[in-house]
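Engineer: Here is my input, please return the structure:
(4 chains)
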Number of protein chains: 2
Amino acid sequence: MAKAVQQRTLKTRARLLEVAQALVKQGGYEALRVEEVVLGAGVAKGTFFAHFRDKDALMEILIGAELDACLDQAEAGETPDSVDAIVAALAPYHRCISAERYVFDVALRYSGAAAIAEIGPIARTFERYFRLVEGWMASGPFRRDVSPALLAEGVQAFAIQALSLQFCALHEATAFEDRLKVYLDAWLLPGS
Amino acid sequence: MAKAVQQRTLKTRARLLEVAQALVKQGGYEALRVEEVVLGAGVAKGTFFAHFRDKDALMEILIGAELDACLDQAEAGETPDSVDAIVAALAPYHRCISAERYVFDVALRYSGAAAIAEIGPIARTFERYFRLVEGWMASGPFRRDVSPALLAEGVQAFAIQALSLQFCALHEATAFEDRLKVYLDAWLLPGS
DNA sequence: CCAAATAAATGACCACGGTCAATATTGGAG
DNA sequence: CTCCAATATTGACCGTGGTCATTTATTTGG
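Structural biologist: The predicted structure follows:
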């Protein structure tokens, strides 16, 4: 049997990713064009789709990498023990995911997965986010009448709500972090 | 000045909507093609875009109408006074919005609005949903330490979370309504 | 009733993501 | 080294959403 994967493959894939990343840095995610990526990488269009199922698969990789870096930051810091500290610790992640409307939409669309077999990079960051917050819930001074896991799911739900409202014309008044704090105070510290 | 809008316009628009609705009934939202709509309505492609900004604008109208009908139902029923009753009252809306993955994605994307001037039909149903639930919060046996408005925002956030997880490979085990009930018990009746 | 003015409709055209049969390259077996 | 099967690449082609200069229909002022 021939070698399963040629090193040529790896080079091509790396070049595609590199060019894509550079283009995103210049013009943002929404403006990225497959055509430009293959042009920059010096390959044909078909080659792109031999390496990535579709354009979104590339987006998932690029966005997932950025989000993972933010979670690395959050994990490196101290364990937050208040709502303010939680909001602060998650700030890089939230800033990254809401940097572009397009990015937020993609992230939401791939926050789950179509099938067990193909959980993508973005879904993995959501899972990581959840686990991280779950840990914080167990150690911090938060309500104990429900499980840390449930609390963490709620934090995620409220973060998405607050992020959505950031893009919403009906609710421009309040800033994202202030809104999230109000949510989390009510969710994590009821009756106080 | 010439008459602002000719009755021909209304007829054409009505025909486009009628055909689109019929096609959706047959094949669902995702499979809808602008080409088929204009073919069925007997007009040129350009005419479609003279009546709707883009394909999504048509989708918003169709989906918004369906969601509005569900809210009519919810409004017509008794005011729910328990978590179970709330989940039951909102069931038609939730069923409708999650009938197709594509529909849910479109709904989320247009749940806000790009600019104050152009709040669309779907954003309006989100606002209606919020107001409706807000009313229930004020009259029901739920926590009083935070405002009904905040409670309603939370209900919306948890509903979206539960709907998202329905489409997520990581969480297929629990059914949507059971999950939502767990969320709302913890959100609306903490410590009980 | 005609002509100018305004609104609506047309369809050829473009942009861009994605496909696939044909071709080229690779690397291990003999 | 040579051959060949597996693998990678190619680029013409397609589907579909969206555009716009031109043509056609309607309304209004005289």
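Engineer: Helix or strand: which one has whatever residue of chain A ends up closest to DNA strand D?
Structural biologist: Nearest residue of chain A to DNA strand D (CB to the nearest atom of the strand) works out as residue A:46 at 1.6 Å. In this view, the C-beta of every residue, glycine as well, is placed from N, C-alpha and C. Per DSSP states H and E, residue A:46 falls inside helix A:45-51.
Engineer: Now name the helix or strand holding the residue sitting nearest the centre point of chain A.
Structural biologist: In chain A, the C-alpha closest to the average C-alpha coordinate belongs to residue A:67, at a distance of 4.4 Å (CA atoms, centre = their mean). Using DSSP H and E, residue A:67 sits in helix A:55-76.
Engineer: Residue A:162 now?
Structural biologist: helix A:148-166.
Engineer: quick check, that helix touching chain B?
Structural biologist: Yes - Helix A:148-166 reaches chain B (CB under 8 Å from any CB of the partner chain) through A:150, A:153, A:154, A:156, A:157, A:158, A:160, A:161, A:164, A:165.
Engineer: contacting residues for residue A:87?
Structural biologist: Going by CB atoms under 8 Å, 6 or more residues apart in numbering or on different chains, residue A:87 touches A:177, A:180, A:181, A:184.
Engineer: which of the residues of helix A:148-166 next to chain B lies closest to residue B:108?
Structural biologist: Of all these, the one with the least separation from residue B:108 (CB to CB) is residue A:164, at 7.5 Å.
Engineer: buried sites along the helix or strand just after the helix holding residue A:67?
Structural biologist: Going down the chain from helix A:55-76, the next helix or strand is helix A:83-97, by DSSP H and E. Buried positions in helix A:83-97, judged by neighbour count with 16 or more other CB atoms under 10 Å in any protein chain shown: A:83, A:86, A:87, A:89, A:90, A:91, A:92, A:93, A:94, A:96, A:97.
Engineer: Now the element after helix A:83-97, going C-ward?
Structural biologist: Next along from helix A:83-97, by DSSP H and E: helix A:101-109.
Engineer: Ends of stretch A:44-55, what's the gap?
Structural biologist: End-to-end span of stretch A:44-55 (CA to CA, to the nearest Å): 15 Å.
Engineer: Would you mind listing the buried residues in it?
Structural biologist: Residues A:48, A:51, A:52 are the ones in stretch A:44-55 that count as buried (16+ other CB under 10 Å).
Engineer: Stretch A:23-41 now?
Structural biologist: For stretch A:23-41, the neighbour count (16+ other CB under 10 Å) marks A:23, A:24, A:29, A:32, A:34, A:37, A:38, A:41 as buried.
Engineer: Can you narrow those residues down to the ones near DNA strand C?
Structural biologist: Filtering those for proximity to DNA strand C by CB under 7 Å from any atom of the strand leaves A:32, A:34.
Engineer: For residue A:152, report the pLDDT, please.
Structural biologist: On pLDDT, residue A:152 comes in at 98.
Engineer: I'd say it and residue A:137 touch.
Structural biologist: Yes - contact criterion CB atoms under 8 Å: residue A:152 and residue A:137 qualify, at 5.6 Å.
Engineer: What parts of chain A come near chain B?
Structural biologist: Residues of chain A lying near chain B by CB under 8 Å from any CB: A:105, A:108-109, A:111-116, A:118-119, A:123, A:127, A:143, A:145-146, A:150, A:153-154, A:156-158, A:160-161, A:164-165, A:167-172, A:182-183, A:186-187, A:190-191.
Engineer: check contacts around the spatially closest residue to residue A:77 that is not a sequence neighbour.
Structural biologist: Nearest non-adjacent residue to residue A:77, counting by CB to CB, 6 or more residues apart in numbering or on different chains: residue A:89, 5.6 Å away. Shown in contact with residue A:89 (CB under 8 Å, 6+ apart): A:74, A:77, A:80, A:136.
Engineer: do you know how far the first one is from residue B:186?
Structural biologist: What that stands for is residue A:74. Distance of residue A:74 to residue B:186, computed by CB to CB, to the nearest Å: 24 Å.
Engineer: Between the two, which is the more surrounded one?
Structural biologist: Neighbours around residue A:74 and residue B:186, counted as other CB atoms under 10 Å in any protein chain shown, are more numerous at residue B:186. The numbers are 23 against 20.
Engineer: so the more buried one makes contact with residue A:149?
Structural biologist: No - look at residue B:186 against residue A:149 with CB under 8 Å: they stay out of range, at 11.2 Å.
Engineer: which residues touch residue A:90?
Structural biologist: So residue A:90 contacts A:74, A:129, A:133, A:159 (CB under 8 Å, 6+ apart).
Engineer: List the residues that contact the residue nearest to residue A:180 when sequence neighbours are not counted.
Structural biologist: Once flanking residues are discounted, residue A:180 sits nearest to residue A:162: 4.3 Å by CB to CB, 6+ apart. Residues counted as contacts of residue A:162 (CB under 8 Å, 6+ apart) are A:176, A:179, A:180, A:183.
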